[in-house]
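Participant: sequence-free structure coming up:
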Ligand SMILES: Cc1cc2nc3c(=O)[nH]c(=O)nc-3n(C[C@H](O)[C@H](O)[C@H](O)COP(=O)(O)OP(=O)(O)OC[C@H]3O[C@@H](n4cnc5c(N)ncnc54)[C@H](O)[C@@H]3O)c2cc1C
């Protein structure tokens, strides 16, 4: 049996679901295929910033997400041991951008997006793992699923299949993920255990020249849960090595605790008892800059982590995924069969420029969150981290500017 559609989306993560909603809003039908047997229960939290929230608002799901999350306007940066305030970075601002930032559990974001798909009558086809492309012509693209069935799309096959994308492997067989030699661990602990001293503001990054940093953020609006994050440099362990590292929860908790004695007592309380089911280990891999996000015939396009997985130190991973999906859907809606190929090239150029700018932010954030390298000058520069150009975005104008080039 061949599953046929105009547009087929591989992957029901943030990118795939947001694209499906965008296409629906533009009156374009699509089908979504997901490898997992059902909705995935992804752990941890996400910070959604004004540029991402604007998209969720356009798609009619912002209020639902806001009601499940916690709003913040700034993150403080303080230096131990004295805890003096060394910088304040804007995460959102309702007056300037229309939104604060919203910190929300990842599973809530997925629930809300999926709920919106269901309400609009868009089905996610589960247990459908894309295997390989069979054929691509000017008329259609055909592919095989792992279960032996096939799919066919006349306009586009979209690879929204995440960091280990098979669609990317098809378009760029020689490109391998790059490890940035940095990894992070996060855990969510009860706020009652942390017992923050009166007047302590979250979110906060507590910096130490020798130990790196702890980042503490509220994970919910009621301030009952706190997400603790710590990152460090590490040699690559390879896929199996990382799997073993993640499985060793005692070792991961030990890493979270290491050096905590150099930080305030509330950090020590936060890592004293860690619910291991909330632990997340995140080796920061990036996709090297790809020459193109589309196939030569432009029937296959990558977006989200498949195209440009970003390290979390940007605070923009999910937001950039939303930008890809929303702008790609908008470009599709504004293109004809004759203009689509050219417009996709322009879309990629526009998106790549924003992604490259975000990667520069990651370097500055790492300078605040990693121990200083011995013998090298400190790279932390107060005030050098600003998201104005990222948050202050009008997507209609942006897409028009790209397509007019
Ligand atoms: C541990 C962790 C913590 C993170 N925390 C944050 C954070 O705090 N803030 C932030 O902004 N970002 C965070 N991110 C990044 C953010 O989650 C990603 O940028 C975002 O989820 C990427 O969305 P995506 O849809 O492109 O990919 P994914 O979310 O990975 O979704 C890809 C989907 O494709 C499916 N799939 C894969 N292969 C196939 C196939 N062959 N056939 C069919 N389906 C397939 C997968 O099952 C999955 O559902 C985190 C990422 C990780 C891994």
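Facilitator: That came through, no problem. Keep in mind that what you see is a predicted model, and the values were worked out from it rather than measured.

Participant: and the helix ranked longest in the chain with the ligand, contact?
Facilitator: As assigned by DSSP state H, the longest helix anywhere in the chain is helix 340-369. No: if you take C-beta under 6 Å from any ligand atom as the test, helix 340-369 misses the ligand, and the best it gets is 10.6 Å. Quick note: C-beta positions are derived from backbone N, CA and C, even for glycine.

Participant: any idea how far residue 112 is from residue 100?
Facilitator: Per C-beta to C-beta, to the nearest Å, residue 112 is found 18 Å from residue 100.

Participant: re earlier: hmm, the next helix or strand after the longest helix of the chain in reach of the ligand?
Facilitator: Per DSSP states H and E, the first helix or strand lying C-terminal to helix 340-369 is helix 388-391. No: figure legend: helix 388-391 not in contact with the ligand (C-beta under 6 Å from any ligand atom); closest approach 12.2 Å.

Participant: buried stuff in helix 388-391?
Facilitator: Buried residues in helix 388-391, counted by 16 or more other C-beta atoms under 10 Å: 390, 391.

Participant: the ligand contacts on the chain?
Facilitator: Residues of the chain lying close to the ligand (C-beta under 6 Å from any ligand atom) are 10-16, 33-36, 40, 44-47, 129-130, 160-162, 166, 280, 282, 304-306, 312, 317-319, 321.

Participant: burial of the nearest residue to residue 40 once chain neighbours are set aside, as a residue count?
Facilitator: Closest residue to residue 40 apart from its sequence neighbours, by C-beta to C-beta, 6 or more residues apart in numbering: residue 110 at 7.0 Å. Using other C-beta atoms under 10 Å, residue 110 has 19 neighbouring residues.

Participant: tell me which element residue 110 is part of?
Facilitator: Under the criterion of DSSP H and E, residue 110 resides in helix 106-119.

Participant: for that helix, packing partners?
Facilitator: Secondary-structure packing of helix 106-119 (3 or more C-beta pairs under 8 Å, 6 or more residues apart in numbering; DSSP states H and E): helix 14-25, strand 45-48, helix 62-68.

Participant: which residues in the stretch 51-200 of the chain form strands?
Facilitator: All strands of the stretch 51-200 of the chain, identified by DSSP state E, counting those that start in this stretch, fall at 70-72, 74-79, 84-90, 101-105, 124-125, 130-136, 141-145, 150-159, 178-190.

Participant: which residues touch the fifth one?
Facilitator: The set of residues external to strand 124-125 that reach it, using C-beta atoms under 8 Å, 6 or more residues apart in numbering, is 3, 12, 17, 31, 32, 33, 34, 39, 114, 117.

Participant: and the last one, what is it in contact with?
Facilitator: Same thing as residue 117. By C-beta under 8 Å, 6+ apart, the residues touching residue 117 are 17, 20, 21, 32, 123, 124.

Participant: verify the stated contact: the fifth one with residue 34.
Facilitator: No: judged on C-beta atoms under 8 Å, residue 123 makes no contact with residue 34 at a distance of 10.6 Å.

Participant: who has more neighbours, those two?
Facilitator: When residue 123 and residue 34 are compared for neighbours, residue 34 comes out ahead with 24 against 10, by other C-beta under 10 Å.

Participant: any idea how far the more buried one is from residue 180?
Facilitator: Per C-beta to C-beta, residue 34 is found 28 Å from residue 180.

Participant: same thing with residue 253?
Facilitator: Separation of residue 253 from residue 180 (C-beta to C-beta) stands at 23 Å.

Participant: likewise residue 214?
Facilitator: Distance, residue 214 to residue 180, using C-beta to C-beta: 20 Å.

Participant: more neighbours, the two?
Facilitator: Shown here are residue 214 and residue 180; by other C-beta under 10 Å, residue 214 has more neighbours (26 against 17).

Participant: on the strand side of things, show who residue 230 bridges to.
Facilitator: Following DSSP bridges, residue 230 is listed with bridge partners residue 185, residue 214.

Participant: hang on, it packs against residue 187?
Facilitator: No: with contact defined as C-beta under 8 Å, residue 230 does not reach residue 187; the gap is 9.2 Å.

Participant: any residues in contact with both of the two?
Facilitator: Joint contacts of residue 230 and residue 187 (C-beta under 8 Å, 6+ apart) are residue 256.

Participant: pull the number of nearby residues for the closest residue to residue 220 other than its chain neighbours.
Facilitator: Leaving out its chain neighbours, the residue that sits closest to residue 220 by C-beta to C-beta, 6+ apart is residue 70, at 5.8 Å. Other residues lying near residue 70 total 22 when counted by other C-beta under 10 Å.

Participant: residue 70 and residue 221 touch, don't they?
Facilitator: Yes: between residue 70 and residue 221 there is a contact at 4.5 Å, judged by C-beta under 8 Å.

Participant: which SS class is residue 283?
Facilitator: Judged by DSSP: H, G, I helix; E, B strand; the rest coil, the three-state class of residue 283 is strand.

Participant: surely it touches residue 241?
Facilitator: No: using C-beta under 8 Å, residue 283 is not in contact with residue 241, being 9.6 Å away.

Participant: what about the two, which has more around it?
Facilitator: Looking at residue 283 and residue 241 with other C-beta under 10 Å, you find the greater number of neighbours at residue 283, namely 20 against 12.

Participant: give me the pLDDT for the closest residue in space to that one that isn't next to it in sequence.
Facilitator: Of all residues not flanking residue 283 in the chain, residue 183 sits nearest, at 4.4 Å (C-beta to C-beta, 6+ apart). pLDDT recorded at residue 183 is 90.

Participant: and the gap between residue 183 and residue 336?
Facilitator: 46 Å.

Participant: neighbour count for these two, which is higher?
Facilitator: Under the criterion of other C-beta under 10 Å, the comparison of residue 183 against residue 336 puts residue 183 first, with 22 against 7.

Participant: all helices for the stretch 151-300 of the chain, in order.
Facilitator: For the stretch 151-300 of the chain, the helices defined by DSSP state H, counting those that start in this stretch occupy 166-171, 191-194, 238-247, 249-257, 265-272.

Participant: okay, the angle between the last one and strand 178-190?
Facilitator: With axes from the mean of the first three to the mean of the last three C-alpha atoms, to 10 degrees applied, the angle from helix 265-272 to strand 178-190 works out at 100 degrees.
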